[in-house]
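**Student:** Starting from these lines, generate the structure:
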Amino acid sequence: MNNDHIISELNKELDELESKIEILSNKYLELKKENQLLRERQEKEVSEKFKIKEKNQKVQTKVEGIINRLRSLEYTQ
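**Tutor:** Below you'll find the model as predicted:
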């Protein structure tokens with residue numbers, strides 16, 4: 001093997017490595033963006049869940065109040 005052939009092979013390997021690094025870099029950026037979107041979505045869902053729990057608590061309180069009023073009407077009749 002002569003030096004030119006060795007250099008050519010090394011350049012080929014370097015080009016392949018560079019290509020693979022570029023692919024990995026692009027995949028990393030893609031996953032990073034997807035992860036950020038998932039985190040934002042999760043935050044939104046947690047917030048919505050909290051709001052639903054609050055609404056459920058208010059409804060439960062109102063229903064309990066109505067039941068108590070109905071019971072007091074039963075006792076007065």
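**Student:** what about Glu43, how many neighbours?
**Tutor:** 10 (other C-beta atoms under 10 Å). C-beta: built from backbone N, CA, C; applies to glycine.
**Student:** meant to ask about Glu34
**Tutor:** Neighbours around Glu34, by other C-beta under 10 Å: 10.
**Student:** Can you tell me the element it falls in?
**Tutor:** If you go by DSSP states H and E, Glu34 is part of helix 3-76.
**Student:** list the helices and strands that helix packs on?
**Tutor:** With contacts taken as 3 or more C-beta pairs under 8 Å, 6 or more residues apart in numbering; DSSP states H and E, helix 3-76 sits against no other helix or strand.
**Student:** now that helix, how far from the chain's geometric center?
**Tutor:** 1 Å (C-alpha atoms, centre = their mean, to the nearest Å).
**Student:** Same check on stretch 61-77?
**Tutor:** 44 Å.
**Student:** could I have that stretch exported to PDB, CA atoms only?
**Tutor:** What follows is stretch 61-77, C-alpha atoms only, in PDB (Å, rounded to 0.1, in the frame of the first residue of the first chain):
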ATOM      1  CA  THR A  61     -69.500  21.200  47.600                       C
ATOM      2  CA  LYS A  62     -72.600  22.500  45.800                       C
ATOM      3  CA  VAL A  63     -74.100  19.000  45.600                       C
ATOM      4  CA  GLU A  64     -73.500  18.400  49.300                       C
ATOM      5  CA  GLY A  65     -75.100  21.800  50.000                       C
ATOM      6  CA  ILE A  66     -78.200  20.800  47.900                       C
ATOM      7  CA  ILE A  67     -78.400  17.400  49.600                       C
ATOM      8  CA  ASN A  68     -78.200  19.100  53.100                       C
ATOM      9  CA  ARG A  69     -81.000  21.500  52.100                       C
ATOM     10  CA  LEU A  70     -83.100  18.700  50.800                       C
ATOM     11  CA  ARG A  71     -82.600  16.800  54.100                       C
ATOM     12  CA  SER A  72     -83.500  19.800  56.100                       C
ATOM     13  CA  LEU A  73     -86.700  20.100  54.000                       C
ATOM     14  CA  GLU A  74     -87.600  16.500  54.800                       C
ATOM     15  CA  TYR A  75     -87.200  17.200  58.500                       C
ATOM     16  CA  THR A  76     -89.400  20.300  58.400                       C
ATOM     17  CA  GLN A  77     -92.300  18.600  56.700                       C
END
